[in-house]
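# Here you go, sequence then predicted model.
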Amino acid sequence: QVQLVESGGGSVQPGGSLRLSCAASGFTVGSYAIAWFRQAPGKEREGVLCSSVSDDNIYYLDSVQGRFTISRDLAKNTVHLQMNSLKPEDTGVYYCATDYFCSQDSRQYDYWGQGTQVTVSS
């Protein structure tokens, strides 16, 4: 049974950093694409970036390039989203999702975590 569990969210001041984790079970993270989406209050869920099977980071938002990166810990079967220089507009619920290939379209993904809240505010 495929499961994804996010953790690491919280409140941080602008300019701060957070590292989100997506712990996987039921499959090996090294063999699938892992994407991160976010949903701000009153807005639709949007793709942030995706780590392909070849471990390339594919960015869906220009605003996070140079600030966000995905890494994989194969030993722990976990994927991390490192977020630096956070801005108030990064606030939202962050979700990880998995599929064979990266896509910006959330409808492609059948497996999702429950989400973790990130709040960036002074």
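Done, it's in.
# what about the nearest residue to residue 17 once chain neighbours are set aside, neighbour count?
In space, residue 17 comes closest to residue 84 once its chain neighbours are excluded; the distance is 4.7 Å by C-beta to C-beta, 6 or more residues apart in numbering. Glycine gets a C-beta too; all of them are placed from N, C-alpha and C. Neighbour count of residue 84, defined by other C-beta atoms under 10 Å: 14.
# thought residue 84 was touching residue 14?
No. In this structure residue 84 lies outside contact range of residue 14 using C-beta atoms under 8 Å: 11.7 Å.
# Show me what the least confident helix or strand in the chain by mean pLDDT is packed against.
Across the helices and strands of the chain, mean pLDDT, DSSP states H and E gives its lowest value to strand 57-59, namely a mean of 93. For strand 57-59, the packing partners by 3 or more C-beta pairs under 8 Å, 6 or more residues apart in numbering; DSSP states H and E come out as strand 46-51, strand 68-73.
# need those in JSON lines with distance to residue 29, mean pLDDT and mean neighbour count, can you?
What follows is those, written out as JSON lines (distance: least, C-beta to C-beta, whole Å; pLDDT from 0 to 100; neighbours: other C-beta atoms under 10 Å):
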{"stretch": "strand 46-51", "distance to residue 29": "9", "mean pLDDT": "96", "mean neighbour count": "22"}
{"stretch": "strand 68-73", "distance to residue 29": "6", "mean pLDDT": "96", "mean neighbour count": "18"}
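# a markdown table please, covering those and showing distance to residue 3.
Putting the helices and strands packed on strand 57-59 into a markdown table (distance: least, C-beta to C-beta, whole Å) gives the following:
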| stretch | distance to residue 3 |
| --- | --- |
| strand 46-51 | 18 |
| strand 68-73 | 17 |
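# Figure out which of those is closest to residue 59.
When the helices and strands packed on strand 57-59 are compared for distance to residue 59 using C-beta to C-beta, the nearest one is strand 46-51, at 4.7 Å.
# and the angle from that closest one to strand 68-73?
40 degrees (axes from the mean of the first three to the mean of the last three C-alpha atoms, to 10 degrees).
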